[in-house]
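> Predicted structure and sequence below. I'll ask about it afterward.
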Amino acid sequence: MAHCPKCHHEFQDWVKTCPDCGSYLVSDLPVPEAVGRDKGHEPLVHIATAPDEVTAALWKEVLEDEGIRCLVKRDDLAAATFALTWNTQCEIHVLASESEKAKEILDSLREDSQPYENHENP
């Protein structure tokens, strides 16, 4: 069988060029050098659950400022149009290779946060 080196489609032997992209067909496809190392095929890992959408957006921005792409997933998608943003939990997902660094960054945010103190005079 003949294969397109760009599209990876399979054709009968009498076909000489790919009808989709015009590339000359080959008998064997080359094996990519970085099989399994492409981040496009890396699994996502759940690293934290934010108590609300505002916190999730903040965490996402902090992680992306550090170069870590992330996905925010609402906890209750069925009620997404009716739920209020301040009471809907959101899961934060990152690539498996970046999960440890992302957890450290989020942990540092939690450690640095100070409880609200009322400074009014009695």
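Arrived safely.
> and Thr55, that's in a helix?
Yes. Remark: Thr55 belongs to a helix, assigned using DSSP: H, G, I helix; E, B strand; the rest coil.
> pretty sure Lys103 contacts Ile47?
Yes. Between Lys103 and Ile47 there is a contact at 5.3 Å, judged by C-beta atoms under 8 Å. C-beta coordinates here come from the backbone N, C-alpha and C atoms, glycine included.
> Looking at the two, which is more packed in?
Just comparing Lys103 and Ile47: by other C-beta atoms under 10 Å the higher neighbour count belongs to Ile47, 22 against 15.
> CA atoms of the helix or strand hosting the more buried one as PDB?
Here Ile47 sits within strand 44-50, counting by DSSP states H and E. Output in PDB follows, covering the C-alpha atoms of strand 44-50 (Å, rounded to 0.1, in the frame of the first residue of the first chain):
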ATOM      1  CA  LEU A  44      -3.700  16.500  31.500                       C
ATOM      2  CA  VAL A  45      -3.500  16.200  35.300                       C
ATOM      3  CA  HIS A  46      -5.900  17.700  37.900                       C
ATOM      4  CA  ILE A  47      -3.800  19.700  40.300                       C
ATOM      5  CA  ALA A  48      -6.300  21.800  42.300                       C
ATOM      6  CA  THR A  49      -9.900  22.800  42.800                       C
ATOM      7  CA  ALA A  50     -10.600  26.500  43.100                       C
END
